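**Student:** heads up, no residue letters with this:
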Ligand SMILES: Nc1ncnc2c1ncn2[C@@H]1O[C@H](COP(=O)(O)OP(=O)(O)O)[C@@H](O)[C@H]1O
Ligand SMILES: [Mg+2]
C-alpha cells in the first residue's frame, strides 16, 4: 500500500512538473508580453523599460526557474492588472470555486447513485435503457449551452434563480447543476456497472440466503462494494469540475478562480493565469491521490495489503 | 409425521430454453442427512436454490408441492420467504472464497443474521457468533470476529459460513458441495463437523455432493439426480446394496469395493456427458449413455418401487438385475 502511494506520488510530481512547464510556455507563446503590458500607445522606450522592470529581458530558462522557485514558496508575484499579490487574489476567489465544485459534486452524486442503482436492479429493461439514454444525452450536451438554457428557463422565464453574480447560495444552484451534468454520465454508468457486478456476486446470494431485507441487500451489501470505484472517480470528477469552472464561472459571472483566469487571459495578466493553472493542477493531482487513499480506506483488502 | 422438507414435481427453466430441473421430487426427514448426488450439471444446485427461492432472475420455478414443516412455500411472498431463510432454513455454498462480503468483518456479517430474525442487541448477537465460531472449531473466536474474509483461509471461511448458517438455530441446512473447493484434509474436517452438528443439534441436512465416499458415511437417504430428474431414491444401505438405475450403477461402478469406497473418486467415469435438455423432451435422458437402452426408452418412463423407500425411474423392472445375473 505504502509503496503504491509513493509510486503514485512520484507520477503526480511528474505530472505537476509538466503542467507547470506548459502553463509557463503557453503564456509566453501568446506574443510579446512587454508590448501588451506597456499598452497600445507606448513608445519603444516604454516597452524596453517594462521589459527590464518585469525581468522579461532575461533568458526564458532563467525566468522559468525564477518563477518555479517562487511559486514553490507560494509566491506567484504581482498581478499586472489588479495591482495585488496573485496569491491574495487566488485566496480570495478560491472559496467560491471550491463551493461551486462541492455543490456540483453533491448534485451529481444525488442524481447518479439512485439512477445507477435503479438501472442495475432493472438491468436490461426499459428503465435501464432510459437511464443509459439520459446519461448519454447528458454527456453530449455542451455545458455552456446547458447553462444558457437554464438561465433562460429558470432564470428569466420563471425567475426562480439569479442568472449571474456571487451574492447568495442561490447563485450556486444553476452553475452547480451545469457542472453536475458533466459528471453524472460517468458516475451513473460506474454505479450501474458496479451494482450489476455486485448483485451477481456470491456474497449477495449469501445475503439473500440470510433472509436480509431488500434494502439491506441493495444498500448495505451491494452498494458498499459498488461504491468503491464510484467514490474514487467522484474525487477525480471534482478535480475536473474545478478545472471546468473556468467556463461555467464566466457564463454565470461567478467570481471564483475560473472567472479570475478568464479575466486575466483577456488582459494578458500572465502571472495570474500561470498561477491559476498551477493551483488547479495541483488540486487535481491532490484529489487523484485522495481517490487512491479513499479506495484503500473503503476496501479492506487494499488496506492491509 | 410428514417430512421437514417436501418437494414434489419441481421444475426450473431458464429463459424458456433450458430446462434445468424436470419434475424432481425429494423429501428431507427431520434430523436426518439427505444426500443429493449426480454429475456436474445435473441440476442439483438449481434444485436447492429453487427450494430457497434464490434462483437468478431468469430462473422460473414451478412445483406440484413445495412445503417446509407442512407449510406451503410456493404461495409465500418474497418477504415471508425471506423471513424463513436464514432463520428456520439456511444454506451454505460451494464457493467459500467469495461467499462472504469482502467489505464487512466476520462478526458484523454473522451478527446481522440474528438481528434480522430476532430482537437482540448487537452485543448479544456477537456473543452468539463467538460461541458458534467456537462450536465449528475455530480457535480464538473473539479475534476472528474482527477480521475480514480476506484474512481467512478457505477452510476457515467455510467454517464461518456454517457458523453463520447456524446463528438462528435452523431446522434445515442445505449444503451445496461445501467441500469441493477445499483441499482434502480440510474436506474431511468440514464433513465431520457437519455430521457432528447434525447429531448434536438435530439438524436436517440436505447435502449436495458428488463424493460417494461421503454419501456412504453420512447419508440416511440418497437421491440420485440426472439431467434434472431424480432417477433413483433410496435409504443409503439399500442404494449401495441394490442400486437399480443403470446411471446409479454406473456411478457406483467407479467405486472399487462397495462399503469401502475410495475417496476423491470423481463421478463422470461413465462415457459421455450430461445432455442439456430443452422443454418438451420425452423419455429417458440417460438413454444415449445407457448399455440397456432400447426403443421404449424414448417413450414415457415409469417409476418403479424397489423396496422400502426405494424407487427408480427406468423402463427396466425392479428385478432386472437378478434376472440378468441368473439367466
Ligand atoms: N443462471 C442460470 N442460467 C441459465 N442456466 C443455468 C443457470 N444456472 C444453472 N443453469 C443450468 O442448469 C443446469 C444445472 O445446473 P446446476 O444445478 O448448477 O448443476 P449441478 O448439478 O452441477 O449443481 C446446467 O445445465 C446449467 O447450465
Ligand atoms: Mg452445483
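**Tutor:** Arrived safely, thanks for sending. Being a predicted model, the structure only gives us computed values, none of them experimental. Ligands and ions are numbered 1, 2, ... in the order given.

**Student:** what pLDDT, on average, does the helix ranked longest in chain A get?
**Tutor:** Taking residue count as the measure and DSSP state H as the definition, the longest helix of chain A comes out as helix A:86-121. The predicted model gives helix A:86-121 an average pLDDT of 93.

**Student:** give the contact list for the residue in the stretch 201-327 of chain B that ligand 1 sits nearest to.
**Tutor:** Distances between the stretch 201-327 of chain B and ligand 1 by C-beta to the nearest ligand atom are smallest at residue B:276, namely 5.6 Å. Heads up, the C-betas are built off the backbone N, CA and C, glycines and all. Contact criterion C-beta atoms under 8 Å, 6 or more residues apart in numbering or on different chains gives residue B:18 as the residues in contact with residue B:276.

**Student:** Around chain A, pick out the residues from chain B.
**Tutor:** Proximity of chain B to chain A, by C-beta under 8 Å from any C-beta of the partner chain, involves residues B:52, B:54, B:78, B:82-87, B:90-91, B:93, B:95, B:98-104, B:112-113, B:116-117, B:148, B:150-151, B:161, B:164.

**Student:** Of these, select the buried ones using a ChimeraX command.
**Tutor:** For the buried members of the residues of chain B next to chain A, the matching ChimeraX selection, counting by 16 or more other C-beta atoms under 10 Å in any protein chain shown, is:
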select /B:52,54,82,83,84,85,86,87,90,91,93,95,98,99,100,101,102,103,104,112,113,116,117,148,150,161,164
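
**Student:** Inside strands: which ones of the residues of chain B next to chain A?
**Tutor:** Judged by DSSP state E, the subset of those located in strands is B:90, B:91.

**Student:** What segments of chain B are strands?
**Tutor:** Listed in chain order, the strands found in chain B under DSSP E are B:5-14, B:18-28, B:33-37, B:59-62, B:65-68, B:71-72, B:89-92, B:172-176, B:204-208, B:221-226, B:229-235, B:303-305, B:311-313.

**Student:** Using CSV, please lay out those together with mean pLDDT.
**Tutor:** Written out in CSV, the entries for the strands of chain B read as follows (pLDDT from 0 to 100):
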stretch, mean pLDDT
strand B:5-14, 95
strand B:18-28, 93
strand B:33-37, 97
strand B:59-62, 93
strand B:65-68, 97
strand B:71-72, 96
strand B:89-92, 97
strand B:172-176, 96
strand B:204-208, 96
strand B:221-226, 96
strand B:229-235, 97
strand B:303-305, 94
strand B:311-313, 96
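
**Student:** Now render these as TSV, adding distance to ligand 1.
**Tutor:** Below are the strands of chain B laid out as TSV (distance: least, C-beta to the nearest ligand atom, whole Å):
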stretch	distance to ligand 1
strand B:5-14	4
strand B:18-28	3
strand B:33-37	8
strand B:59-62	6
strand B:65-68	17
strand B:71-72	23
strand B:89-92	13
strand B:172-176	7
strand B:204-208	7
strand B:221-226	7
strand B:229-235	12
strand B:303-305	21
strand B:311-313	17
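
**Student:** I'd like these as TSV, with distance to residue B:157 appended.
**Tutor:** As requested, the strands of chain B are arranged in TSV below (distance: least, C-beta to C-beta, whole Å):
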stretch	distance to residue B:157
strand B:5-14	26
strand B:18-28	26
strand B:33-37	22
strand B:59-62	26
strand B:65-68	27
strand B:71-72	33
strand B:89-92	10
strand B:172-176	14
strand B:204-208	18
strand B:221-226	27
strand B:229-235	31
strand B:303-305	40
strand B:311-313	37
